[in-house]
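Visitor: Could you work out the structure for the sequence below:
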Amino acid sequence: MLILEHPGADTLALVRIFRRRGEVVPSPNIWYHPETYARENEAQDSDGAVWALLARLVSWAGADVVDVGCGDGFHLPRLAVAAKSVTGVEPHPALVRAARRRVDGHDHVTVRRGTAQRLPLPEASVDVLHARTAYFFGPGCEPGLREADRVLRPGGALVVVDLDARDEPYGEWMRADLPRYRADAVDEFFAEAGFTCHRVRTRWRFPDRAAMEAILRIEFSPRTAERAIVETLRRNRGTEGGPLDLPVGYRVLLRHAPAAPVVVSPPSARSTALSPPSRVSVADDLPGS
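Guide: Numbering: from 1, shown residues only. Got it, this is the predicted structure:
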């Protein structure tokens, strides 16, 4: 499984190389620009729409929660408000240290170094496994998905939050840097893996032009970043000196672990005991999605 923040222009090649090695793909933004990425986290989902959707889909109250690829721990305190316990898992040592500093004093929050394909957790110990901006490419995620199933309790939830490559204008900029990315194929992969897909639109709010430019430059190749900056300024004409808004779409993928072990009936009884398997399809259930 690959822990990966938003991909840059050469990410597909990196994915192929690191898959062969069985390693983690370095995140091109937070690993190398942690200060700027911290500002990006503050800018994201200024409407709270992603969190509102998560509250509808998953219950955190009294749950044992894991945040896979937690980065510098930005989301851990929020998850900890209602959860019984929160564990952040992160492969990059510098980010592990930063996350531990962030949650210092939170008795029920821990941060551990690890990867999605080898979670440092026992079997059936987790109620909710949360991963944000980590699973963009679908195929190649199978080891991480299997590991999630190992640590989830019966009925537990795996919830994946990713930027939506179909939503404009951000998705168009993503596709410009990833011409071989195929959104249909990625959606089909997750549908066949048993996920439902919920799309939601929110806003990024940058405090000023300098922050906007710095953030977009760590998200995209230089050419695409310049285009994104120009288009964002055009959307905010007349407010260049104050906060600038950018509409951004997310997809939230949800899969529940089986509520109980599957019992296979003897061959003679299967014709009456088993019904044909159903296929879970992608459900875009929000207005404007």
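Visitor: Low-confidence stretches in this structure?
Guide: Where the chain drops to pLDDT under 70, the residues are 1-23, 136, 240, 260-289.
Visitor: what about the residue positioned nearest the centre of it, distance to Val160?
Guide: Computing the C-alpha centroid of the chain and ranking residues by Cα atoms, centre = their mean puts Arg132 first, at 2.1 Å. Distance, Arg132 to Val160, using Cβ to Cβ, to the nearest Å: 8 Å. All C-beta spots, glycine's among them, are computed from the backbone N, C-alpha and C.
Visitor: ok, the residue nearest to the centre of the chain - contacts?
Guide: When the contact criterion is Cβ atoms under 8 Å, 6 or more residues apart in numbering, the partners of Arg132 are Asp67, Gly69, His75, Val160, Val161, Asp162.
Visitor: can you rerun that using 6 Å?
Guide: By Cβ atoms under 6 Å, 6 or more residues apart in numbering, Arg132 lies in contact with Val161.
Visitor: Look up which residues are beta-bridged to it.
Guide: When bridges are taken as DSSP bridges, the partners of Arg132 come out as Val161.
Visitor: For Asp187, see how far away it is.
Guide: Distance from Arg132 to Asp187, by Cβ to Cβ: 18 Å.
Visitor: go on, Ala225?
Guide: Distance, Ala225 to Asp187, using Cβ to Cβ: 26 Å.
Visitor: What is the three-state secondary structure of Ile218?
Guide: Classification of Ile218 using DSSP: H, G, I helix; E, B strand; the rest coil returns helix.
Visitor: give me the number of residues near it?
Guide: Counted with other Cβ atoms under 10 Å, residues neighbouring Ile218 total 20.
Visitor: And for Val65?
Guide: 27.
Visitor: same deal with the one 4 residues further on?
Guide: The burial count assigned to Gly69 is 28, neighbours taken as other Cβ under 10 Å.
Visitor: So it is in contact with Tyr135, correct?
Guide: No - assessed by Cβ atoms under 6 Å, Gly69 is found out of contact with Tyr135, at 9.1 Å.
Visitor: Which stretches in this structure count as strands?
Guide: Applying DSSP state E to the chain gives strands spanning 64-68, 85-90, 109-113, 126-132, 152-163, 196-206, 244-256.
Visitor: Bridge partners for Arg251, pull those for me.
Guide: Per DSSP bridges, residues listed as beta-bridge partners of Arg251: Asp162, Arg199.
Visitor: who are the neighbours in contact with it?
Guide: Contacts of Arg251 by Cβ under 6 Å, 6+ apart are Asp162, Asp164, Cys197, Arg199.
Visitor: Pick out whichever of those sits closest to Trp173.
Guide: When the contacts of Arg251 are compared for distance to Trp173 (Cβ to Cβ), Asp164 wins out at 12.1 Å.
Visitor: Check the gap between the nearest residue to Glu40 once chain neighbours are set aside and Leu163 for me.
Guide: In space, and not counting its chain neighbours, Glu40 is closest to Ile215: 4.6 Å by Cβ to Cβ, 6 or more residues apart in numbering. The spacing between Ile215 and Leu163, counted by Cβ to Cβ, is 13 Å.
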